[in-house]
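# One predicted model, sequence on top.
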Amino acid sequence: MIILSVESSCDETAVALVRDGREVLADAIASQIEMHTIYGGVVPEIASRKHLEAISLMADQALSQAGLTRSDIDAVACTYAPGLIGAVLVGVNFAKSVAYGLNVPLIPVHHIRGHIAANYITHPDLEPPFLCLCVSGGNTMIVDVEDYTRMTLLGATRDDAAGECFDKVARVLGIGYPGGGPMDRLAQGGDAAKYPLPRSKVDGAPLDMSFSGLKTAALNTIHNAEQKGENLDLPSFAASFGQAVSDELVPRVMEAAKLTGRTKIAAAGGVSANSRIRGDLEAACAKEGCQLYLPELKLCGDNGAMIGSQAYYEFLAGNLADSALNGYASRPIDR
Ligand code: KG4
């Protein structure tokens, strides 16, 4: 079954063609990062307009990459939530019209379920159940993936997402947007113990996280150094910050594994590209005898292929939509 899948929830306009949930035939992406860089973050209205301009072109590009025609498409899928609402709606309405025009099923996909499914593409042997640490620019959560379409949220951030935190600190340091990648590269060779930064604890909810205190402490460290005319040791500061983020995430997912008895652990989302988090997960899983699944780097960030992968399993479960499908800024992953 060949699914044409559309992702437009933030600043990438992506259209892919995926066969049977695991084989990527084409993955076309138009990134808007350059456009938003001058503002230091995504401007929602600009994002929606850019999606409108790019989406048909990306669909044509995907078909030509795969050497297929419209008549080869068996179903159409799109991210319907969560995301910037104007941006999501462009993809939803495009997918609705293509599905209607081709008279094929329409499959709505939750964006974070899509991130999780990036692992099915990288690891053909991976099947649920497993735990997934989902870390992106807008979401941070630990999910029990009981089955391809049955999931339970075990823990989540109470405030900022991990990626948002990387982006804000990087913006104040002036090292670019989005900031996670540049912070990761800057941290190489730095001393992760040099700058003391806080770790959070949420009373009564051991798997929930908080990043706002860490973000404030990191920004205060930068501003205090500026006020005193001192130079920060940037690689060590970036390494200390990356370690603090990793310490929020990795021990909690290992705790979740103990509580649920799961022995397979995956990670997903843009922040799962982070080298320290990947390294810490590898070490923790090796120590606890768990099997670790990490998406290949190009599938960590937003892409259309991950939506096409999850869509296949939503289709098998009968989770289809019709032309009444709406887009949503937020939606629980476990419904
Ligand atoms: O999954 P994604 O592409 O978009 C959302 O669905 O939000 O994630 C984007 C986030 C950004 O905050 C970006 O700074 C972060 O992923 N990111 C990283 C790295 N690469 C991207 N964060 C930490 N380390 C990285 N290497």
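Structure received. It should be emphasised that the depicted structure is a prediction, and the values quoted were computed from it without experimental measurement. Residues are numbered from 1 along each chain as shown.

# What distance do you get for residue 247 to residue 40?
To residue 40, residue 247 is 27 Å away according to Cβ to Cβ, to the nearest Å. Using the backbone N, CA and C atoms, a C-beta is placed for each residue, glycine as well.

# Oh, that last question was meant for residue 252, not what I typed.
To residue 40, residue 252 is 30 Å away according to Cβ to Cβ.

# how about the biggest helix by length in the chain: buried residues?
Counting by DSSP state H, the longest helix found in the chain is helix 234-260. Using 16 or more other Cβ atoms under 10 Å as the test for burial, helix 234-260 gives 235-250, 252-254, 256-257, 260.

# again with stretch 117-127
For stretch 117-127, the neighbour count (16+ other Cβ under 10 Å) marks 117-123, 126 as buried.

# The stretch 201-335 of the chain: helices as residue ranges?
Here the stretch 201-335 of the chain has its helices, by DSSP state H, counting those that start in this stretch, at 212-227, 234-260, 275-288, 304-316.

# related to what we said a few turns ago, which of the buried residues of stretch 117-127 fall in helices?
Going by DSSP H, the helices hold 117-122 from these.

# and which of those residues is nearest to residue 285?
residue 119 (14.0 Å; Cβ to Cβ).

# From what I see, the closest one and residue 292 are in contact.
No. Counting by Cβ atoms under 8 Å, residue 119 does not reach residue 292; the two are 10.4 Å apart.

# Which neighbours do these two have in common?
Residues touching both residue 119 and residue 292 by Cβ atoms under 8 Å, 6 or more residues apart in numbering: residue 266.

# and this structure, which of its residues are near the ligand?
By Cβ under 6 Å from any ligand atom, the residues of the chain that approach the ligand are 10, 136-138, 163, 166-167, 178-181, 184, 269-271, 273-274, 301-302.

# Can you say which of these are buried?
Burial by neighbour count, 16+ other Cβ under 10 Å: within those this picks out 10, 136-138, 163, 166-167, 178-181, 184, 269-271, 273-274, 301-302.

# ok, and for stretch 150-160, which residues are buried?
Neighbour counts over stretch 150-160 (16+ other Cβ under 10 Å) mark 151, 154-157, 160 as buried.
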